[in-house]
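[1] here is a sequence with its predicted model. Questions after.
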Amino acid sequence: MSERLYYEEHTWVNVEGDEVTVGLTDYAQNEMGDIIYVELPEAGSTMTEGQPFATIESAKAVQDLLAPLSGEVVGRNDEVLDAPEMINEEPYGGGWLVTVAPGPDFDPGQLMDEDQYDQFLSEQ
């Protein structure tokens, strides 16, 4: 059983063995409103912590998502490309974005647990 961790730029990660699943937090999808388009990196591409890795468009805005970790994208959720509303409906389930093989410097301890993220949100 893995535990979801959170990045300050409102993405979540779920460490499962030597792969990490990344998605948009419920808070972020709620703030964005109805998501109408998502652009995800191809498998085999590299993402760098703190740098844009995906673009999400809602009725309100277009926003780059910043990577919560560095590593190689090993998979992406093609279903959300066809049905981006899944991110609104299931941000922690079917609305996940990519899976990543983390780089050697990945330290899950740098991310927030749920209580820390809730505290972070309350201070925004």
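    It's in.
[2] doesn't Pro104 make contact with Ser70?
    No - contact criterion C-beta atoms under 8 Å: Ser70 and Pro104 do not qualify, at 9.2 Å. Just so you know, the C-beta spots here come from the backbone N, C-alpha and C atoms, and that holds for glycine as well.
[3] neighbour count winner among those two?
    Higher neighbour count among Ser70 and Pro104: Ser70, with 18 against 6, using other C-beta atoms under 10 Å.
[4] what pLDDT does that one get?
    pLDDT recorded at Ser70 is 97.
[5] quick check: it vs Glu79, distance?
    Distance, Ser70 to Glu79, by C-beta to C-beta, to the nearest Å: 25 Å.
[6] strands of the chain, start to end?
    Counting by DSSP state E, the chain has strands at residues 4-7, 11-16, 19-24, 35-39, 46-47, 52-58, 62-66, 71-76, 98-102.
[7] winner for burial among the ones you listed?
    Comparing the strands of the chain by mean neighbour count (mean count of other C-beta atoms under 10 Å), strand 19-24 comes out on top with a mean of 22.
[8] pLDDT on that one, on average?
    If you average the pLDDT over strand 19-24, you get 97.
[9] with distance to Gln116 added, can I get the strands of the chain in TSV?
    Converted to TSV, the strands of the chain look like this (distance: least, C-beta to C-beta, whole Å):
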stretch	distance to Gln116
strand 4-7	7
strand 11-16	12
strand 19-24	18
strand 35-39	26
strand 46-47	23
strand 52-58	22
strand 62-66	18
strand 71-76	22
strand 98-102	20
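[10] Glu89: which of the ones you listed is closest?
    strand 35-39 (9.6 Å; C-beta to C-beta).
[11] the most centrally placed residue in the chain and Val38: what is the separation?
    In the chain, the residue lying closest to the centroid (C-alpha atoms, centre = their mean) is Gly23, at 2.7 Å. Noted for Gly23: a distance of 11 Å to Val38, by C-beta to C-beta.
[12] just Asp82 next, same as before
    Using C-beta to C-beta, Asp82 is found at 10 Å from Val38.
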